[in-house]
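# Here is a sequence together with a model predicted from it:
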2 protein chains.
Amino acid sequence: MKIDEAKAKFIQSWGALGTQWGINRTMAQIHALLLVAIEPMTTEQVMEALSISRGNANMNLRALIDWQLVERLHKLGERKEYFEAEKDIWKVATRIAGERRKRELQPVIETLSTLREVEKDPDRKAEIKEFRKVTKDVQQFAEKVDQMLDKVSKADEHWFLGTLLKVVRS
Amino acid sequence: MKIDEAKAKFIQSWGALGTQWGINRTMAQIHALLLVAIEPMTTEQVMEALSISRGNANMNLRALIDWQLVERLHKLGERKEYFEAEKDIWKVATRIAGERRKRELQPVIETLSTLREVEKDPDRKAEIKEFRKVTKDVQQFAEKVDQMLDKVSKADEHWFLGTLLKVVRS
DNA sequence: AAAAGATTTCAGTAATTATTGAAAGTTCCG
DNA sequence: CGGAACTTTCAATAATTACTGAAATCTTTT
């Protein structure tokens, strides 16, 4: 396989994975593009490489920066912005874990805790009991996952590797 | 909060979480509905409760069965099918881990391994070296996650609780 | 075998989500 | 200041994804 074909497949495949995980295709593709780029790229270059509009490139680059997966940088004496991906895959994973925890898991945990205060109703005792049991279980599970993600998002590579190995072996 | 309102919020919230994780809203809502149901429900009851069409209810119930999150059952002397959710949240989590591993991670791992065979090209040595490094890292990471998910998807609750706790503490 | 009860399929349509492109906004420099 | 270089915004549009509903199929009963 030629290098260009391989890069295209990598970008393609990363994009597909993104869509399955609630990240939009273009955002994942730009990330992949920058991951295999040998040096930082401009918005123009990203637009060109992926055949996307300026607006789209701009929005998704900003989103990647927001997720801390990409950094903005400037070359001396140039006004253009350049973009560079975090290439340490362990860092990428921890950043994603941290973001998703903050954006998705925490709101759910909050909602769950409000649901636990359901009113008593003598006519629907069994139903309420069941509801409280399910929400309690879900809440406990969500909190465990939250703690784990928190840990992961703050971990360094050494911790991460060590723990993953331990988990896999145990 | 009244029980009906609480149930509605739970279903709502579970549905929203689903969409963020690449599972369609209705599938997640049906799952939530069955989770808090006190007894198995028919397709008709699901349609009614969520105001959805027969086709939609049928397709998503089938998908849930496929994911092993819901079971089909029959009441004696009745022709209708009833549906019941797996209520053990640990089992739910392991089933989801298993499915996503099979459906999403494994194809990516396969693609990655094909990409590692990129042709040499004396004019683009640095580029190829970089590409091989990135794809190798990603592949190694994906394999670790795959092993972990495999472990999790085969684990029983006891293992799960123990290991998660260990991870959180370490 | 045919009617009744129940489930499945899928083409058409609706809803949602992503993208474009042009206009507005910034920043830098003479 | 004025304008060139670049970035950001966002209403309109396109692409994708999900849902409906009626017809087809399957299954049980008489």
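Ah, there it is.

# Excluding sequence neighbours, find me the nearest residue to A:F131.
Computed as Cβ to Cβ, 6 or more residues apart in numbering or on different chains, the closest residue to A:F131 that is not its neighbour in sequence is B:V36, at 5.2 Å. C-beta here means a position set from N, CA and C on the backbone, and glycine is covered the same way.

# Pull the contacting residues for the one you found.
A:130-131, A:134-135, B:7, B:10-11 (Cβ atoms under 8 Å, 6 or more residues apart in numbering or on different chains).

# Let's see that with 7 Å instead.
Going by Cβ atoms under 7 Å, 6 or more residues apart in numbering or on different chains, B:V36 touches A:130-131, A:134, B:7, B:10.

# Could you check how many residues crowd around A:P107?
14 (other Cβ atoms under 10 Å in any protein chain shown).

# ok, now A:N24?
15.

# List the contacts of it.
So A:N24 contacts A:G18 (Cβ under 7 Å, 6+ apart).

# So which bits of chain A are right by DNA strand C?
Contacts of chain A with DNA strand C, taken as Cβ under 7 Å from any atom of the strand, map to A:24-26, A:51-56, A:59-60, A:79.

# rerun that using 6 Å as the cut-off
Residues of chain A lying close to DNA strand C (Cβ under 6 Å from any atom of the strand) are A:24-26, A:52-56, A:79.

# Taking these, tell me the two that lie furthest apart.
Farthest pair in the residues of chain A next to DNA strand C (Cβ to Cβ) is A:R25 and A:R79. Separation: 29.9 Å.

# Give me the more crowded residue out of these two.
A:R25 (15 against 6).

# Could I get the contacting residues of that one?
By Cβ under 7 Å, 6+ apart, the residues touching A:R25 are A:15, A:18-19.

# so where is chain A shaky, pLDDT-wise?
By pLDDT under 70, the low-scoring segments of chain A are A:157-161, A:163-165, A:167-170.

# Let me know the helix or strand that the residue nearest the centre of it is in.
In chain A, the centroid-proximal residue (Cα atoms, centre = their mean) is A:I96; its distance is 3.2 Å. Element membership of A:I96 [criterion: DSSP states H and E] is helix A:89-100.

# before we move on, what about A:G77?
Using DSSP H and E, A:G77 sits within no helix or strand.

# Could you check how many residues crowd around it?
If you count neighbours by other Cβ under 10 Å, A:G77 ends up with 5.

# can you check A:L35 too?
For A:L35, the neighbour count with other Cβ under 10 Å is 25.

# List the contacts of it.
A:85, A:87, B:134.

# How about A:E84?
By Cβ under 7 Å, 6+ apart, the residues touching A:E84 are A:34, A:40, A:70-71, A:73.

# Starting from A:R62, give me the distance back to the closest residue to DNA strand C within chain A.
Proximity of chain A to DNA strand C (Cβ to the nearest atom of the strand) peaks at A:G55, 2.0 Å away. According to Cβ to Cβ, to the nearest Å, A:G55 stands 11 Å off from A:R62.
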